[in-house]
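> my questions concern the predicted model and sequence given below.
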Amino acid sequence: MGRPIRGTAPAHSGRGTERPGGYGQRAVGAVSTRAVLRYEMWTLEPDREPDAEPTTYAMQCAVDGETSPLSEDFVEPQNWVLRHCGQHPSHHTYREVITRPWRSWRRM
Ligand SMILES: [Zn+2]
């Protein structure tokens, strides 16, 4: 996990990006899809900087959708599952929800 990913991303060129949809323009909400685009090189990778948001874990019951509190320690959500099993003996399937911080930056 964690090899940087590089790719191009369309960037708005400042002109014509925030006009409301007018005659002959397709619009999503109030933002026109007509925009002049240029392509820039961006890099994307997991954020391991000291100020990165923490990775968090949660478990969700796939039967009733109930979700454990978020925790930075994966053991706490697993303990939540064991308590949930005790209260709902017919609930056997769960989802682990991992939230991992990523960062992107533009290559100069
Ligand atoms: Zn359940």
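Sure thing, it's come through.
> dig out what whichever residue of the chain sits closest to the ion forms beta bridges with.
Going by CB to the ion, the ion is nearest to residue 61 of the chain, at 3.1 Å. Heads up, the C-betas are built off the backbone N, CA and C, glycines and all. Judged by DSSP bridges, the bridge partners of residue 61 are residue 94.
> against residue 105, how distant is it?
Here the criterion is CB to CB, to the nearest Å. By it, residue 61 lies 38 Å from residue 105.
> show me which of those two is the more surrounded one.
Neighbour totals were compared for residue 61 and residue 105, and residue 61 leads with 19 against 9 (other CB atoms under 10 Å).
> around the ion, which positions in this protein sit nearby?
Proximity of the chain to the ion, by CB under 5 Å from the ion, involves residues 61, 63, 64, 88, 91.
> out of those residues, which is most surrounded?
Using other CB under 10 Å as the neighbour test, these are led by residue 61, with 19 neighbours.
> thanks a lot, see you next time.
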